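Colleague: Got a predicted model here, sequence first, then my questions.
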Amino acid sequence: MTDLFQEPEDATPLEPGERDGLLQSWITHCKDLNEAEQENIVAGAAWARGRRRLPIDRMLTDDFVRTLHKRMFGEVWEWAGTFRSTERNIGIQAYRIAVELTNLLGDVRYWVEHATFPPDEIAIRFHHRLVAIHPFPNGNGRHARLAADLLVEKLGRQPFSWGGGSLADVGALRARYVTALRSADNHDIGPLLAFARG
């Protein structure tokens, strides 16, 4: 059971209290956890895509963002869909999450309404800022990638390929993704746009 909560170096570690939120007692190894989360994510994505008629302005709400996370991780984690209350190695201070998420969602609604950027760029900017906020105890990257896919689909484009592989695996692909996120942190969105369609 020693490897259950092992995370890649650039991942968000869970606090001891959050680890207690594991709902499935059969999960004893990291591999089990990854499989359970992946099954839940597939179900969450199916749920979200079943809401194709949901207007874009209703998708870009705090409620939808939290519900999407709950649908993606709620079979595995008790705290799914709940904003984190502790500080992390990444993300803003916990007390600022609700305000910054509201600001982000308002910005994205504006970008969509005024075609401020092309559809891919709107979705990637949304993804980047959502990861930067890091609203949940864990699963933020996976959640933000699905949220960006849902948004870009609403804007008439195909979902992103996100480098064409699994970002759950530690290796060159994940390193490219993290590097692209860091470029976006420095106001260069180009590498993240290229990675998302690569």
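Modeller: That came through, no problem.
Colleague: In the chain, mark out all the helices, start to finish.
Modeller: 16-19, 30-49, 56-59, 62-73, 97-114, 119-133, 140-154, 172-185, 190-197 (DSSP state H).
Colleague: which stretch among these comes nearest Arg84?
Modeller: When the helices of the chain are compared by C-beta to C-beta, helix 97-114 sits nearest Arg84, at 7.1 Å. The C-beta positions use only the backbone N, C-alpha and C, and glycine is treated the same way.
Colleague: residues in contact with that closest one?
Modeller: 56-57, 60-62, 65, 83-84, 92, 116-117, 122, 125-126, 129-130, 133, 135, 151, 155 (C-beta atoms under 8 Å, 6 or more residues apart in numbering).
Colleague: at 10 Å instead, please
Modeller: Outside helix 97-114, the residues that touch it by C-beta atoms under 10 Å, 6 or more residues apart in numbering are 56-57, 59-62, 64-66, 83-85, 91-93, 96, 116-117, 119, 121-123, 125-126, 128-130, 132-136, 147, 151, 154-155.
Colleague: gap between that helix and the chain center?
Modeller: 16 Å (C-alpha atoms, centre = their mean, to the nearest Å).
Colleague: same thing with stretch 34-43?
Modeller: 14 Å.
Colleague: With stretch 83-102 instead?
Modeller: 14 Å.
Colleague: start to end distance for that stretch?
Modeller: With C-alpha to C-alpha, to the nearest Å as the measure, stretch 83-102 spans 13 Å from end to end.
Colleague: Buried ones among the contacts of helix 97-114?
Modeller: 59-60, 64-66, 83-84, 91-92, 119, 121-123, 125-126, 128-130, 132-136, 147, 151, 154 (16 or more other C-beta atoms under 10 Å).
Colleague: Flag the shaky bits of this protein, pLDDT-wise.
Modeller: Counting by pLDDT under 70, the chain contains low-confidence residues at 1-14, 169-170.
Colleague: swap the cut-off to 50 and go again
Modeller: When residues are selected by pLDDT under 50, those of the chain lie in 1-2.
Colleague: now Gly74, nearest residue through space, not along the chain?
Modeller: Distance criterion C-beta to C-beta, 6 or more residues apart in numbering; nearest residue to Gly74, sequence neighbours excluded, is Ala80 at 4.1 Å.
Colleague: show me the residues around that neighbour that make contact.
Modeller: By C-beta under 10 Å, 6+ apart, the neighbours of Ala80 are 21, 23, 40, 44, 66-67, 69-74, 136-139, 143.
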